[in-house]
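In: Got a sequence here, can you model it:
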Amino acid sequence: MMCRPIFLILQKNNMRFIKIFCLLVFTASFANAQDATSLYNEGVKLKGEKNPSAAIEKFKKAVELRPGYTEALYEIGWCQNDLKQYSAAVETLRKVRRAWSTYAKVFFELGYAFEKTDMYDSAIYAYNKAIEINPSYSLAHKQIGYIAYFKDEHEKSLMHYARYEASEAEKGKTITDYLYWYRKGYAQNALKQYENAKPSLNKSLEYKTDYINTYLELGFASSRLKQDENAIGYYKKAIEIDPKSHIPYNGIGEVYRDNKKDMEKSMEWYGKALQIDFNERKANFGVGYCLNSLSRYNEAIPYLKRAIQAEPTYVAAYTEIGYSYFKNDDNALAEINLKKAIELNSKNENSRYYLGLIYIAKNNKIKAQQMADELKALNSKNASSLQEKINKM
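Out: This is a model prediction of the structure:
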């Protein structure tokens, strides 16, 4: 019997070894893949149960078993956002973006992480990219509106809010986020759209009845619409929620001062604000204004000084204290404060009018006329009154 060549036997054994090795590798890879998928599914379940910390641990283990597991990485980024780990979320979602460059949800989550780390330009770019990929991704419009809100760009915020609402309406969805409606109402108030602000703010109340800022904004809108009792009612509701907040007391004081012209009652409410914070700027200004209106100029000065100390750029306070000094025949101090008001606000009208009166008292017709001309350039209603007085010099 002939023996098989030794090299054939070795070759056959090597082939068998290679097949076994490949089978083992495949089996191990398949097992890892199964384990990674199981871990991912467990993470998704934990995420749904509002346990993002535990979910992240599952997702991370899944990525360890399957490097580059994009679905798991995305969920990690989502959970990091949920846990306010925004810088970590940016790092994670940037990896996801490389693999999922056509997924709107990736850009939205990345935009949210950018927004929360004050990287507003990057956030807006990411949100717009989400909208570009999926025009019905309405939440991106909402978030761009929020960025504009925080930057006091209220016209822009309302534009994006309108797009958000239209998109949600097309989907048959109702917006139940109280904070959204509050911010919309705030923006409308800032743009003096008081009639429009009230329905927005009332929607906010539908979904949260104890958010003090909503009542404050409703009080503000109502006061500007001369709905005095409504305004006072909203401010009193705010006081019920937080008796230690000075803001609603100031609001009621303003209603009595500007709308009802009841200076004594106004000072009573401003006094309540000052009991909470003796140096509160608006309350001090309010009392000072009322005292000036009651011809109690000397009494007004300490309040107006405190208002300026609290806010060194308080234009109205400089104007009002300038008027107090003028009525106390201290024209030097009056002129200093009135000029400061104009320096802070080049379009300030009242300070120019009072300066004109001071120059008339000093018999300085040239400077008085300069104030009258500047008032005319500002189309001020005080221009003609000052000009009449100058003409009589």
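
In: what separates the nearest residue to Tyr323 once chain neighbours are set aside from Ile301, distance-wise?
Out: In space, and not counting its chain neighbours, Tyr323 is closest to Tyr354: 5.4 Å by Cβ to Cβ, 6 or more residues apart in numbering. Quick note: C-beta positions are derived from backbone N, CA and C, even for glycine. For Tyr354, the distance to Ile301 (Cβ to Cβ, to the nearest Å) stands at 15 Å.

In: what does the helix or strand harbouring Gly356 rub up against?
Out: Using DSSP states H and E, Gly356 maps to helix 350-361. With contacts defined as Cβ atoms under 8 Å, 6 or more residues apart in numbering, helix 350-361 is touched by 318-319, 322-323, 326, 331, 334-335, 338-339, 341-342, 365, 367-368, 371-372, 374-375, 378, 380, 382, 385-386, 389-390, 393.

In: picking that back up, what about Tyr354 and Ile301, which has more around it?
Out: Tyr354 (25 against 20; other Cβ atoms under 10 Å).

In: mind checking how far that one is from Tyr314?
Out: Counting by Cβ to Cβ - Tyr354 and Tyr314 are separated by 16 Å.

In: Glu254 too?
Out: In terms of Cβ to Cβ, Glu254 sits 15 Å off from Tyr314.

In: contacting residues for Thr102?
Out: Ile133.

In: Okay, and it sits in which element?
Out: Thr102 belongs to no helix or strand when assigned by DSSP H and E.

In: Can you get me a residue count around Ala190?
Out: Ala190 has 17 neighbours, counted by other Cβ under 10 Å.

In: typo on my end, Gln309
Out: Gln309 has 13 neighbours, counted by other Cβ under 10 Å.

In: That one reaches Asn279, doesn't it?
Out: Yes: using Cβ atoms under 8 Å, Gln309 is in contact with Asn279, at 7.1 Å.

In: rewinding a little: let me see the mean pLDDT of the helix holding Gly356.
Out: Taken as a whole, helix 350-361 has a mean pLDDT of 97.

In: What are the buried residues along the helix or strand Ala187 falls within?
Out: For Ala187, the host element (DSSP H and E) is helix 178-190. For helix 178-190, a neighbour-count test (16 or more other Cβ atoms under 10 Å) marks Tyr178, Tyr180, Trp181, Tyr182, Arg183, Lys184, Gly185, Tyr186, Ala187, Gln188, Asn189, Ala190 as buried.

In: Just the helices from the stretch 201-350 of the chain, written as ranges.
Out: With DSSP state H, counting those that start in this stretch as the criterion, the stretch 201-350 of the chain has helices at 212-224, 228-241, 247-254, 263-276, 281-293, 297-310, 315-327, 331-344, 350-361.

In: Can you lay out these as CSV showing distance to Gly172?
Out: Compiled in CSV, the helices of the stretch 201-350 of the chain are given as follows (distance: least, Cβ to Cβ, whole Å):
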stretch, distance to Gly172
helix 212-224, 26
helix 228-241, 32
helix 247-254, 38
helix 263-276, 46
helix 281-293, 44
helix 297-310, 50
helix 315-327, 48
helix 331-344, 51
helix 350-361, 53
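
In: For the most centrally placed residue in the chain, give me its contacts.
Out: For the chain, the residue nearest the mean C-alpha position is Phe150 (3.1 Å; Cα atoms, centre = their mean). Contact partners of Phe150, counting by Cβ under 8 Å, 6+ apart, are absent.

In: re earlier: also compute the angle for the helix holding Gly356 relative to helix 331-344, please.
Out: Helix 350-361 and helix 331-344 are oriented at 150 degrees to each other (axes from the mean of the first three to the mean of the last three Cα atoms, to 10 degrees).

In: Centre of the chain to helix 350-361, how far?
Out: In terms of Cα atoms, centre = their mean, to the nearest Å, the centre of helix 350-361 is found 39 Å from the chain centre.

In: the inter-axis angle of it versus helix 315-327?
Out: Using the same axes, to 10 degrees: helix 350-361 against helix 315-327 is 20 degrees.

In: got the buried residues for helix 350-361?
Out: Those would be Asn350, Ser351, Arg352, Tyr353, Tyr354, Leu355, Gly356, Leu357, Ile358, Tyr359, Ile360, for helix 350-361 by 16+ other Cβ under 10 Å.

In: any idea how far the second one is from Tyr207?
Out: With the distance defined as Cβ to Cβ, Ser351 ends up 45 Å from Tyr207.

In: again with the first one
Out: Look at Asn350 and Tyr207: by Cβ to Cβ, they are 42 Å apart.
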